[in-house]
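>>> from the sequence below, what's the structure:
(2 chains)
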Amino acid sequence: MIALLLLACTRHPPIVPTWPGLDGRTCTDQRVVLIDPDPWVGLERISIRLNPDERPASGGPHHPLAVLHADDLRAGLLLELDGDLGPASCRLVPGEALVEQRSCGEYSFSIHYAPLCDFPPEIEGLERTARPETANFALAQKFGTRLEQPDVRDAWNALPPFGLTRDLAACNTATARCDTLLSIQQQMDRGLARLDALDRFEDPKKTRDPTAVGAGLDWCEHALTPQGLICEGPHPLRDLLLDDFLLVDTSKRCTLQTRSFLEIEMAHIQGRAPDADGARHQTCGGRTPGDDVVDTLLTITINGPDRLPPGAPFYGPSDAEPDPPRGDGVNAPSEPAVEAFPWLGSPRHE
Amino acid sequence: MWFFALLPALASDHFDGPAASRDPARDLTDLYAWVEEKQGRSSLALILDLHPYATHRSRFSPDYTYRISLRRASIDGTGADTHISTGEAFTIDCHLVDTLDAMRCRIEPVGVHCPGCTRVITAPLDDPNGASVPGVRLFAGLRRDPFFINTLVVSDPPPRAGERSEGRSIDVTDNILVRASVLSLVFEIDPQEILGGDGLFAASGRVIWKARLTHTPRLGRLK
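The predicted structure is shown next:
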């Protein structure tokens, strides 16, 4: 079972707050206001009016409030999730508590909670996106293959975007999560090899014999398997793409049309020389609305590293061209992004 | 020569899995992240798009939290030894308000108790002006889908930029998303004010279930 901590505070010590000025001498009741700052939980404010009989004669550790314990809160705040999560459930783990007196007899009791949820690994999340087309290009079962293999895209989408390569390295025992990760890893190796192999024979009249000279892969030494060509080891882009995020540098600027997708990553893979600031990349990276990411991804995966211009990006600020440039023939959106927030154009009227 | 006509399955992350295709309100299509200059400072633009081919009747779902995760990152090494590490995290969690006519987002660091660093912003849906709080601007609503692709892209022999396989010239209608719209969450974030300064960040978008309290809370001895 995977514990998914969604908020910051995960400590759950006994809460023995110091109640400032708690005397109740002039108040008819005591009121504790519990403010949960987490809209994810949906709990915003709970007021508890104390029974006047419980009103203390004096403050201090003997007051009933002073024995308020984290476990009391946790026992009372149970979460259930809607949907098809099956037995998955969440509970709140209280963290740091802050108590302040708002007015006579009224205390503000603020606490940060960490919803602690047990999810089956395959439904850690519902959907994820960062680098475009990765799932469809490298993991779709219908893409470039006739193989009957499981569609792992839903499982991949459900995984967190960070740390999968680290999790894979820690997979020493067979668990459902590790099986899922390994299956995704294998399919990504195959998918990237299929893309790499598309240019094995630019001339369609040439032999398609995968054992022939020149039938190898651009990114790696190839091995021939019943499922086709794959790299002898991991595909060099596999681990880079397995953790799914856009890498963006806020110290560099882009425009709406800058071709910056994968520019930071490729600057390192290509071993470009660092600039005066120590950065190998030239753009802000990430992805701009006008970026032709399909051309970029096809060029990188099909051509391999040796046919990309060395020492400079093959897009963006350089005029260098890969050999040959790959693409889908559509190089810009039908209507470009606009220069003012929120940048994307108004929808068409139906 | 063969082609994989995957229309409309192959379009960025549009329809990128069976489950997502069943519920477009959870089908994330694209994440955009770039940096512009605004009044002499860097400004991080983030766009999370969902719901392929959305229309004016399309809605965000109240059942989901739409999340953008940001982590400080570093990249080291070259060639096959290139390695990316991530560290300090920030989350942007968004969900519909109870009246379903506005999107509320909470931007905060994770792992650090830092009340002054948190922002909560609520923007009415489809208001192009969005909403602003110090360091953050938000828009939520229907927008034109900026992604573009000709899905007849992968062929044998492989495609070359500027060529179209059937020999006819390329025009704008080859973009299968030429008339498409999406539901968008658009952010403008001041990295200095919200993220603790400029640097390298890893950004990813997610949809997760929105948890709801279904039991009346009970506070132990406080009755």
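
>>> can you pull out the low-pLDDT segments for chain B?
Applying pLDDT under 70 to the predicted model, the residue ranges of chain B that meet it are B:1-22, B:111-113, B:152-173, B:211-223.

>>> all strands for it, in order.
Counting by DSSP state E, one finds strands in chain B at the ranges B:2-3, B:28-38, B:41-50, B:64-76, B:83-96, B:102-110, B:119-124, B:131-133, B:136-144, B:155-156, B:181-189, B:200-209, B:212-213.

>>> with distance to A:Asn331 and mean neighbour count added, can I get these in TSV?
(Glycine included, C-beta is placed from N, CA and C.) Converted to TSV, these look like this (distance: least, CB to CB, whole Å; neighbours: other CB atoms under 10 Å in any protein chain shown):
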stretch	distance to A:Asn331	mean neighbour count
strand B:2-3	19	11
strand B:28-38	17	25
strand B:41-50	20	24
strand B:64-76	28	21
strand B:83-96	29	19
strand B:102-110	33	20
strand B:119-124	33	18
strand B:131-133	34	15
strand B:136-144	17	24
strand B:155-156	17	18
strand B:181-189	20	25
strand B:200-209	25	26
strand B:212-213	45	16
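
>>> out of these, which comes closest to A:Asp295?
Distances from A:Asp295 to each of those were compared by CB to CB, and the smallest falls on strand B:155-156, at 14.4 Å.

>>> quick revisit: dump the strands of chain B to TSV, plus distance to chain A.
Output for those, formatted as TSV (distance: least, CB to the nearest CB, whole Å):
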stretch	distance to chain A
strand B:2-3	9
strand B:28-38	4
strand B:41-50	5
strand B:64-76	6
strand B:83-96	5
strand B:102-110	5
strand B:119-124	8
strand B:131-133	10
strand B:136-144	4
strand B:155-156	6
strand B:181-189	4
strand B:200-209	4
strand B:212-213	5
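
>>> closest to A:Asp151 out of those?
Each of the strands of chain B has some distance to A:Asp151 by CB to CB; the shortest is strand B:28-38, at 17.3 Å.

>>> and the closest one, what does it pack onto?
Identification of packing neighbours for strand B:28-38 by 3 or more CB pairs under 8 Å, 6 or more residues apart in numbering or on different chains; DSSP states H and E yields strand A:127-129, strand A:246-249, strand B:41-50, strand B:181-189, strand B:200-209.

>>> and the angle from that strand to strand B:41-50?
Relative orientation of strand B:28-38 and strand B:41-50, computed by axes from the mean of the first three to the mean of the last three CA atoms, to 10 degrees: 170 degrees.

>>> tell me what angle strand B:28-38 forms with strand B:64-76.
Using the same axes, to 10 degrees, the interaxial angle of strand B:28-38 with respect to strand B:64-76 works out to 60 degrees.

>>> distance to B:Thr29 added to the helices and strands packed on strand B:28-38, as TSV?
Listed next are those as TSV, based on distance: least, CB to CB, whole Å:
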stretch	distance to B:Thr29
strand A:127-129	7
strand A:246-249	14
strand B:41-50	5
strand B:181-189	6
strand B:200-209	10
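
>>> compare those strands and give me the one nearest A:Asp189.
Nearest to A:Asp189, of these and by CB to CB, is strand A:127-129 at 20.1 Å.

>>> any idea how far A:Leu241 is from B:Ile84?
Taking CB to CB, to the nearest Å as the criterion, A:Leu241 is separated from B:Ile84 by 11 Å.

>>> sorry, slip of the keys, the one I care about is A:Pro236.
When CB to CB is applied, the distance between A:Pro236 and B:Ile84 equals 14 Å.

>>> isn't A:Gly216 right up against A:His222?
Yes - the pair A:Gly216 / A:His222 is scored as a contact, 4.5 Å apart, by CB atoms under 8 Å.
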